[in-house]
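Q: 3D model of this:
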Amino acid sequence: MDTMKHQPVFRWALALLAVASLVSPAAAQTIYGSLAGTVTDSSGAVIPGADVIIRSMDQGLTRELKTDDTGFWRAPSLPIGRYQLEVVAKGFEKVIRGPLTVEASVERAVDVTLKPSGTQEVITITEEAPLIEATKAQISRGVESRRILELPGLNTLTGLALLQPGVTGNNGNRPGSGFVVNGARTRSNNFMLDGANNNDQSLSIPRQTPAPEYLGEFRIITNTFSAEYGRNSGSVVMQVTKSGTNEFHGIARWSWLGNGWDAFTTGQQRTFNAQKAAGASDYDAMRRARGVIVRNQVLGSIGGPIIKNKLFFFGGYDLDRLRSTANPVTTTFSQQGWDLLTQYQNSFAPGTVAFLKQWYPVANDPTPVGTVNVAIPGGPTLAIPIQQYRRGAGQALSYGRDIHRGLMRYDWRLTDKDNLQMRWIKDDNTDPGSPASLAVNQIGSVVVNNNATINHIRVWSPTLVMETRLSFARREATFPENLPAQFSITGSGLPTIGNQNYPQYRTDNLYELTNNWSHMKSKHTLRYGFNYLQYRLNSFFAPASRGVISYPSLADFLFDRNAQFSQYAGTGSVPAKTHEFQGFFADDYRLTNSLMLNLGIRYEYTSAPFGFFSNAKADINNWAPRVGFAWSPKATDGLWGWISGGGRFVLRGGYAISYDQVFQNILLNTARNYPRGVTVTLANLNGSQIFDPAKRPAPPQPSDYTGDPKLLPYRYFAPDKRIQQPYSQQVTFGFERQLTTDYAFKLFYVATRGVRLVREAERNLGFFDAAVKANPSLLEPVVQSYGMKPTTVSGQAAWRVDPTRGSILVGDGYGMSNYHSMQLTVEKRFSKGYQFEANYTWSTFISENDDILGGQLNRTLPSVPFNMRLDKARSGFDTPHRFVLNGVYQFPEFFKGRGLWGRVVDGWSISGITTMQQGWPYSILNGNNPLGILPGQISTINFSQRAGYNPNGTPNTGTSPTVPNPMWVAYPNNSGLIGAGANIRRVGNTYNTDAALIKRVRTVGESQNLELRWEVFNVFNYRSFNALPANTVSNNTNNTTFMNLGFTDVSGRSMIFTVRYNF
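A: Predicted coordinates for the structure are as follows:
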């Protein structure tokens, strides 16, 4: 793209920030925290001009301030850690309070009352900062280093996010990150590592995840972000690494994550039972049911001073080494089934049985998985038994992979006013790929990540602070494979051969500059700043370049009918450069010492890579207002004093608009249009033997193409217009009440409305004439209203809006969503040996689709293309009820660790996480094309339709020759019928408890100990049947597995053993 034509946009935005700076020197996304408060005397009168000294207890950093005319003080941009507060005023006793914990992006209000000078010159208060956040409207949740290390699971990212209210996990192997937040999408989370961009721009997932021993804090901002935060509309996820301190500290860890003590999954249990029934010994049955996993993790980290109070270091290295025997399982026909096919092969189309025998083995595991019925015209209906096939049944397959990771960080106090932080992290994951159930489907990966960040804090004056950040990140990813053309038969019980998403590889570089300012002036705390990011992508992605063949049922394949074939030819190279600019201006206006207004405006600009977004132009009007308030009254008497607790109550609310990114994997789809490439799509093929490579058409290279290029299928994104970035409108209202020093209660209403969410739809809509004739009352008005004209497609009469063009699939902001929730939290911070946090979310989440990619599971394309609103339903992530409890408890020490009994009896603790959640919804899909939608570049254009619903049918059955009255009906091709609504069934609920039993033994002094951990996941071995069952009906639905949650593969109890040495 010619970036020069966008320079006025940059200059105009920068000019706006410059004007703001003239008003007052004035933070884009910060990882630092703040302390603030009001100093008063015993009568409640404010004390102006008091000296406030904030001193780091870990690194000796000192910040000196004075209270203003209202007795208020504020210390922004403090690195996370423990601090001590000292307040001195003439005529009053000195007060020292601490330790006060500073958390990323959080401002804690610490009010101090001074008494007149007396006999006691210094009053020391050993009390932490309040649990409530009394100055901001945004909702922020954190997990401190103690819980990161104590809770089961070696959690550093997704597991920590799922502890929070409003957060629910990804499911069904959908694309994107591991969780969704408050009605956003899996790709709507902004990941930050030490303040630097940690997003994979192509996939919208995190690039790197440090080990738990490297993390100082995890924090997630879930709604109504302050103006300095944005880029994505779901959440801001911060991981902040540890720093060195004035004392040496570190951890050495070894963890064993093998499966020798794990319970069988339900799939493994079925296999074990079948093997036993077939006469196998317990040992042989177990080995055939499950391979052996030996997984070891080793880690070492150390931090400390290089120059005390001035220069510190922290570093670490870890290795994740996995070795296993694999016995991958899939399904295929039993020997009896193959015998039936061979016996009647002359009744089938030529070559079909021979092709199946070429690619699919005979089942070697007696575990039954139902039957597939094939009716022979004028003959019998064959019931083909399906059983399991284990590639490693004769000899277990070996597999191994290694992940190396290293981190180094320096914190340097350059001067009393300058602090510098430098951090580098690298990981290298070489994975040949876990053995596939069919050898031909083997895919490996080699991924190397680097990330380097420099953070600088400059304290220009007690009221003016600047943050600057420079970041560089690089990802290299290759995927070794040798796949054939993709081949599949819906509902046959046979696995898919090949994978149309390969070959591919990617290298990308990311450069980032951030500059933020914070300035206090009178009752205003002004913050402004900018973030500039450049992303350079060099990707190769040529899906379907080897061809994609599909049949709607086994009978259709055996009689070689209703086949679909598509193949891409052309370049898969996608070199692209993207610029991002974000700027903001915010004012935290303190109307009174109890009432804070949070006002802000944010601007975001993302360029459109030239040539790959269909000549789309960048969106230039992404203005995001932020308005909020926080009211924390200080009353101490009467009913209102009981409610407010003298500053222990805060009422908060806010409204925000937050924009989302259009992730760059969309480039890989839109970059394959002619003349860069050609996709050949043929539908409803009969007798073509398209499964035979010799019978497939040879796709021309784009330069050799002699036909009319307008008849080719095209895939665009916002063609010939300005991109409209998706965004969300966020509303928050609720309160927090600190009950005692260590307990707090929080209750919030949280709502989001997703607008212009990315989705694809066919714009040159068309139908086969047979479907129009089958249901003229439905489709003839559509043909007329769209002005469709007659044409011929794949040799069949059809109607299309523009017969001179092929399929035109357009991605744009077609989708919307709505989310409403009540979120309740009860928490206790660590004191007296225990802490806990309980979060309950009651919500409803309605959407029209859940992603632009991910197929029918995400409703990526409309099931009824002339009425997209028929897809409006419960989101696939809708979980109306979700409860999560986590906690840590240390048993009392009776002997204080002294002597033999002290070593044996003392030092025990437990931790745990309990999750209860309602199951997520799913749709019942149709393997046919009843509306007769004309095919395009991808199969989901015409195969995104849902099954028909027969309320009087046999429950949980689909169309099959053996079921006379099924509940779910596979409307035939070209029948002109519309199926049932979306997401009207749910998987099972989740009930899970993970726990850790920990024993610590003191070794040298008070600060060193040996820690032994036994972590058990799914302690009660309860099977939460929350996996997606078979949910597609065809003409020969396998009703043994269809909608049968019992035939999904869900996990049981598993364990981790860990030894840590802490010093």
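
Q: Let me see the contact set for residue 928.
A: Neighbouring residues of residue 928 by CB atoms under 8 Å, 6 or more residues apart in numbering: 552, 945, 970-973, 1034-1035. For the C-beta atoms, the positions are set from N, CA and C on the backbone; glycine is no exception.

Q: How about it: what's its closest non-neighbour residue?
A: With sequence-adjacent residues excluded and distances taken as CB to CB, 6 or more residues apart in numbering, residue 928 is closest to residue 973, at 5.0 Å.

Q: ok, now residue 687?
A: Nearest residue to residue 687, sequence neighbours excluded (CB to CB, 6+ apart): residue 560, at 5.4 Å.

Q: Tell me how many other residues crowd that neighbour.
A: For residue 560, the count of nearby residues is 21 (other CB atoms under 10 Å).

Q: shaky segments in this structure?
A: Applying pLDDT under 70 to the chain flags residues 1-29, 119-120, 610-612, 700, 897.

Q: wait, the residue nearest to residue 928 sits on residue 562?
A: Yes - here residue 973 reaches residue 562: they are 6.3 Å apart, a contact under CB atoms under 8 Å.

Q: State the phi and psi torsions of residue 556.
A: When quoted as degrees, to the nearest 10, the phi and psi of residue 556 stand at phi -60, psi -40.

Q: Tell me how far it lies from residue 497.
A: 17 Å (CB to CB, to the nearest Å).

Q: the more surrounded of these two?
A: Legend: neighbour count by other CB under 10 Å for residue 556 and residue 497, higher for residue 556 (25 against 20).

Q: Name the nearest residue to that one, ignoring sequence neighbours.
A: Counting by CB to CB, 6+ apart, residue 562 is the residue found nearest to residue 556 once chain neighbours are left out, at 4.7 Å.

Q: Residue 685 is in contact with the one you found, correct?
A: Yes - between residue 562 and residue 685 there is a contact under CB under 8 Å: 7.5 Å.

Q: Look at the two and report which has more neighbours.
A: Taking other CB under 10 Å, residue 562 and residue 685 do not tie; residue 562 has more neighbours (21 against 18).

Q: what kind of secondary structure is residue 423 in?
A: strand (DSSP: H, G, I helix; E, B strand; the rest coil).

Q: Please read the previous query as pertaining to residue 901.
A: Following three-state DSSP, residue 901 is assigned to helix.

Q: Thought residue 895 was touching it, still the case?
A: Yes - Residue 901 is within contact range of residue 895, at 5.1 Å (criterion: CB under 8 Å).

Q: Between those two, which has more neighbouring residues?
A: Per other CB under 10 Å, whichever of residue 901 and residue 895 has more neighbours is residue 895, with 14 against 11.

Q: Tell me how far the more buried one lies from residue 902.
A: In terms of CB to CB, residue 895 sits 3 Å off from residue 902.

Q: ok, now residue 242?
A: Separation of residue 242 from residue 902 (CB to CB): 30 Å.

Q: Which of those two has more residues huddled nearby?
A: residue 242 (25 against 16).

Q: and the helix or strand that contains residue 810, which residues are buried?
A: Element membership for residue 810, per DSSP states H and E: strand 808-831. Buried residues in strand 808-831, counted by 16 or more other CB atoms under 10 Å: 808-821, 823-830.

Q: Then stretch 38-46?
A: Those would be 38-41, 46, for stretch 38-46 by 16+ other CB under 10 Å.

Q: Name the nearest residue to the residue nearest the centre of the chain, ignoring sequence neighbours.
A: For the chain, the residue nearest the mean C-alpha position is residue 177 (2.0 Å; CA atoms, centre = their mean). Spatially, and ignoring its direct neighbours in sequence, residue 177 is nearest to residue 205 (4.8 Å; CB to CB, 6+ apart).

Q: next one: residue 142
A: Using CB to CB, 6+ apart, the closest residue to residue 142 is residue 219 (4.2 Å).

Q: and the one you found, what does it touch?
A: Residues near residue 219 by CB under 8 Å, 6+ apart: 103-106, 140-143, 237-238, 240.

Q: Give me the angle between the helix or strand hosting it and strand 808-831.
A: Using DSSP H and E, residue 219 sits within strand 215-223. If you take axes from the mean of the first three to the mean of the last three CA atoms, to 10 degrees, strand 215-223 sits at 120 degrees to strand 808-831.

Q: Buried residues of strand 215-223, list them for me.
A: Within strand 215-223, the residues that count as buried by 16+ other CB under 10 Å are 215-223.

Q: again, but for stretch 983-990
A: For stretch 983-990, using 16+ other CB under 10 Å, the buried residues are 983, 986-988, 990.

Q: Check stretch 587-600 too.
A: In stretch 587-600, counting by 16+ other CB under 10 Å, buried: 587-590, 593-594, 596-600.

Q: With stretch 386-398 instead?
A: Neighbour counts over stretch 386-398 (16+ other CB under 10 Å) mark 386-393, 396-397 as buried.

Q: Please identify, among the contacts of residue 928, the one with the most neighbours.
A: residue 970 (30 neighbours).

Q: Which residues are in contact with that one?
A: Contacts of residue 970 by CB under 8 Å, 6+ apart are 926-928, 947-948, 958-959, 1033-1035, 1037.

Q: Show only the entries of those found in strands.
A: 926, 948, 958, 1033 (DSSP state E).

Q: burial count for the closest residue to the second one other than its chain neighbours?
A: The shortest distance from residue 948 to any residue other than its chain neighbours is 3.8 Å, reached at residue 969 (CB to CB, 6+ apart). By the measure other CB under 10 Å, the count of residues near residue 969 is 24.

Q: For residue 969, give its distance to residue 946.
A: Going from residue 969 to residue 946 by CB to CB gives 10 Å.

Q: and if you look at residue 195?
A: 45 Å.

Q: repeat for residue 540
A: Between residue 540 and residue 946 the computed distance is 35 Å (CB to CB).

Q: The two: who's more crowded?
A: residue 946 (28 against 16).

Q: Contact partners for that one?
A: Taking CB under 8 Å, 6+ apart, we find residue 946 in contact with 863, 923-926, 979-982.

Q: I'd assumed residue 998 was in contact with residue 1010.
A: No - counting by CB under 8 Å, residue 1010 does not reach residue 998; the two are 11.1 Å apart.

Q: Which one of these two is surrounded by more residues?
A: Taking neighbours as other CB under 10 Å, residue 1010 and residue 998 compare with residue 998 leading, 22 against 16.

Q: What are the boundaries of the helices in this protein?
A: Secondary structure of the chain by DSSP state H: the helices cover 7-23, 145-150, 158-161, 266-277, 282-289, 335-343, 352-359, 554-558, 638-644, 665-670, 769-774, 776-785, 899-905.

Q: hmm, who's touching the third one?
A: By CB under 8 Å, 6+ apart, the surrounding residues in contact with helix 158-161 are 143, 148, 151, 153, 167, 169, 177-179, 181, 218, 220, 235, 237.

Q: Repeat that for the fifth one.
A: With CB under 8 Å, 6+ apart as the test, helix 282-289 has contacts from 264, 268-269, 271-272, 275-276, 280, 325, 327, 365, 390, 393, 396.

Q: Looking at the residues you listed, which one is closest to residue 1046?
A: residue 269 (10.6 Å; CB to CB).

Q: Can you get me a residue count around the closest one?
A: Using other CB under 10 Å, the number of residues around residue 269 comes to 17.

Q: What segments of the stretch 201-350 of the chain are strands?
A: Here the stretch 201-350 of the chain has its strands, by DSSP state E, counting those that start in this stretch, at 205-206, 215-223, 235-241, 249-256, 293-307, 311-326, 329-333.

Q: Could you dump those strands into TSV with distance to residue 480 added?
A: Below are the strands of the stretch 201-350 of the chain laid out as TSV (distance: least, CB to CB, whole Å):
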stretch	distance to residue 480
strand 205-206	21
strand 215-223	32
strand 235-241	30
strand 249-256	29
strand 293-307	22
strand 311-326	17
strand 329-333	21
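
Q: Those strands: which one's closest to residue 753?
A: Using CB to CB, those put strand 215-223 closest to residue 753, at 12.2 Å.

Q: so the closest residue to residue 221 other than its chain neighbours bridges to which residues?
A: With sequence-adjacent residues excluded and distances taken as CB to CB, 6+ apart, residue 221 is closest to residue 236, at 4.2 Å. Beta-bridge partners for residue 236, by DSSP bridges, are residue 190, residue 221.
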